[in-house]
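> sequence and computational prediction follow.
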Amino acid sequence: MRIGVVVDNTFDNDHRVQKEVRLLIQEGHDVKVLCLDFGGKYNSYSDFKIERIPIHESVKNGLVILNTNFPFYNNFWAKHIARFINNESIEALHVHDLYLAKPGRLGITKSDYKIPLTVDLHENYPAAIASYRWATTSWRKFVVCPKKWLKKEGDFLNYADYIITLSNSFKQDLLARFSFLQEENIFVHPNMPDIESFQSFENSEFQVDFSSQFPTLFYFGVVAQRRGVIDVLPWLAELRDEGKPFHILIIGPTDKADKTNFEKQIQKLGDYATYVPWSDVKFLPAYLKKIAIGLAPFEVNPQHDSGVANKLFQYMYGEIPILATACKAQKELLEHTNCGLIYTSKEDFKEKVTQLLTSKSLRTTLGHNGHQELLRLYREKADRDFLRIYKLPK
């Protein structure tokens with residue numbers, strides 16, 4: 001089957017979409033990708049065709065800001081999707097994120113083909129946009145109007161023939177809130193890492209310039225207030241002042257709105273902290289060999305309740321114990337698997353960190369449990385359930 005995959009980024013750094021494309025190709029499908037071109041240097045791919053739409057990144061961001069109340073972004077994508085479907089004779093369309101559901105349906109309607117639409121939900125978008133500082137501060141909050149997406153959500157889901165969610169709990173939440181959805185048309189695809197890629201990284205001689213004589217806490221991903229990592233830095237400063245030996249390594253870009261606060265907090269930790277603004281995911285297995293505790297300190301809200309972030313699975317791959325907040329999906333994972341500890345307050349965080357820092361045997365047991373659970377999920381092909389969409393009778 002010729003499957004058209006549409007994503008509103010440059011594709012090269014979207015590991016979830018890359019993995020799905022690889023799995024679809026392994027199933028024998030002919031995959032075509034439509035994405036954006038911000039004028040940079042991009043990878044080339046020999047096993048599928050990729051088409052990039054030239055647009056300045058600032059223009060794209062402006063269209064996203066206007067997207068709640070104006071049709072410009074929908075129309076932009078609908079035009080390109082219709083042309084993409086016709087030129088590539090697409091037999092099924094697979095778009096990523098809720099906001100591409102409407103332009104995906106409009107593009108199909110404008111094209112010469114009547115094909116099914118799959119909407120792949122990377123997050124609970126109405127909850128996510130309500131948590132973004134860029135969408136909720138200054139003049140933007142009056143233009144973006146995040147609360148309107150709570151009303152739009154049902155309309156956009158109704159454009160889909162099939163839906164992919166991050167977790168079963170998110171799937172059940174959607175079914176409870178929208179009576180028109182059918183359970184058999186919703187598929188779960190957890191954010192498990194691409195194990196084939198990770199194994200190839202293991203076999204390569206990648207070196208990372210990091211070491212510490214103390215047990216190291218690790219956070220890998222976007223640094224932002226909503227991710228909770230900035231909140232825990234003052235608590236770690238208290239542990240340092242109390243004489244606890246540790247180091248914290250943070251890797252990932254910082255949200256512009258939170259940059260000043262983050263830099264202030266990280267500087268207070270001095271030699272106890274290392275910050276790396278960006279690293280290719282291919283270095284991650286090497287970093288995992290050097291750390292003791294993986295942090296998942298997300299704010300507890302509907303967005304973070306919707307699924308388990310990929311970093312938790314990455315920690316499990318590296319046999320690293322996890323210290324996490326009580327977001328619904330990740331709490332269920334940790335309690336079911338016994339691969340980490342949950343904290344609910346500052347004092348609880350400090351107590352759990354101390355417990356993990358002082359007990360190597362506990363860290364080893366929790367890390368082993370997580371790794372075994374991840375291997376079980378791979379054996380049961382938990383990350384391949386969505387492939388059934390393209391085996392269903394059309």
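Received, thanks.
> give me the low-pLDDT residue ranges for the stretch 101-250 of the chain?
Along the stretch 101-250 of the chain, segments meeting pLDDT under 70 span 204-206.
> all helices of it, in order?
With helices called from DSSP state H, counting those that start in this stretch, the stretch 101-250 of the chain shows them at 101-110, 125-129, 133-136, 140-144, 148-157, 168-177, 195-202, 229-241.
> among the ones you listed, which is nearest N13?
For these, the distance to N13 is smallest for helix 195-202, at 13.0 Å, taking CB to CB. Yep, even glycine has a C-beta here, placed from its N, CA and C like the rest.
> how far does that closest one sit from its chain's centre?
Centroid separation for helix 195-202 versus its chain: 19 Å, with CA atoms, centre = their mean, to the nearest Å.
> using PDB, write out every CA atom in that helix.
In PDB, the C-alpha atoms belonging to helix 195-202 read as follows (Å, rounded to 0.1, in the frame of the first residue of the first chain):
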ATOM      1  CA  ILE A 195      15.600  -0.600  19.400                       C
ATOM      2  CA  GLU A 196      17.200  -1.500  16.100                       C
ATOM      3  CA  SER A 197      18.700   2.000  15.900                       C
ATOM      4  CA  PHE A 198      19.800   1.900  19.500                       C
ATOM      5  CA  GLN A 199      21.500  -1.400  19.000                       C
ATOM      6  CA  SER A 200      23.300  -0.100  16.000                       C
ATOM      7  CA  PHE A 201      24.400   2.900  18.200                       C
ATOM      8  CA  GLU A 202      25.700   0.400  20.800                       C
END
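> helices and strands around the lengthiest strand in the chain, which ones?
The longest strand of the chain (DSSP state E) is strand 30-37. The contact analysis (3 or more CB pairs under 8 Å, 6 or more residues apart in numbering; DSSP states H and E) places strand 30-37 against strand 2-6, helix 15-26, strand 49-54, helix 72-88.
> in the first one, what counts as buried?
Counting neighbours by 16 or more other CB atoms under 10 Å, one finds that the buried residues in strand 2-6 are 3-6.
> again, but for stretch 59-75
Using 16+ other CB under 10 Å as the burial criterion, the residues of stretch 59-75 that qualify are 60, 63-65, 67-68, 73-74.
> related to what we said a few turns ago, please convert the helices of the stretch 101-250 of the chain to TSV, extending it with mean neighbour count and distance to P215.
Supplementary listing: the helices of the stretch 101-250 of the chain in TSV, determined by neighbours: other CB atoms under 10 Å; distance: least, CB to CB, whole Å:
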stretch	mean neighbour count	distance to P215
helix 101-110	22	45
helix 125-129	21	33
helix 133-136	16	32
helix 140-144	15	41
helix 148-157	16	41
helix 168-177	16	32
helix 195-202	14	23
helix 229-241	18	12
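> out of these, flag the one nearest Y272.
Of all these, it is helix 229-241 that lies closest to Y272, at 5.3 Å by CB to CB.
> by how many degrees do the longest helix seen in the chain and helix 195-202 diverge?
For the chain, the longest helix by residue count, based on DSSP state H, is helix 360-379. Going by axes from the mean of the first three to the mean of the last three CA atoms, to 10 degrees, helix 360-379 is angled at 130 degrees with respect to helix 195-202.
> what about A130, how many residues nearby?
20 (other CB atoms under 10 Å).
> got a list of what it touches?
Listed by CB atoms under 8 Å, 6 or more residues apart in numbering, the contact partners of A130 are 136, 146-147, 149, 303.
> got the buried residues for the longest helix of the chain?
In terms of neighbour count (16+ other CB under 10 Å), helix 360-379 has its buried residues at 363, 366-367, 369-371, 373-374, 377.
> identify the farthest-apart pair in the contacts of A130.
Checking those against each other with CB to CB, the farthest-apart pair comes out as K147 and Q303, at 14.0 Å.
> give me the more crowded residue out of the two.
Relative neighbour count places Q303 above the other of K147 and Q303, with 21 against 13, counting by other CB under 10 Å.
> tell me which element the more buried one falls in.
Assigned by DSSP states H and E, Q303 belongs to helix 302-305.
> what's the following helix or strand after that helix?
Remark: after helix 302-305, the chain's next helix or strand is helix 310-317, criterion DSSP H and E.
> check which helices and strands the next helix or strand after that following helix is in contact with.
Later in the chain than helix 310-317, the nearest helix or strand by DSSP H and E is strand 322-324. Where contact means 3+ CB pairs under 8 Å, 6+ apart, strand 322-324 is packed against strand 293-296, helix 310-317, helix 328-337, strand 340-342, helix 346-358.
> strand 322-324 pairs with which strands?
Applying DSSP bridges to the sheet, strand 322-324 is found paired with strand 293-296 (parallel), strand 340-342 (parallel).
> residues contacting that strand, please?
217, 293-298, 312, 315-316, 330-331, 334, 339-343, 349, 352-353, 356, 366, 370.
> give me that answer again for 6 Å
Applying CB atoms under 6 Å, 6 or more residues apart in numbering, the contact partners of strand 322-324 are 293-296, 312, 315, 330, 339-342, 352.
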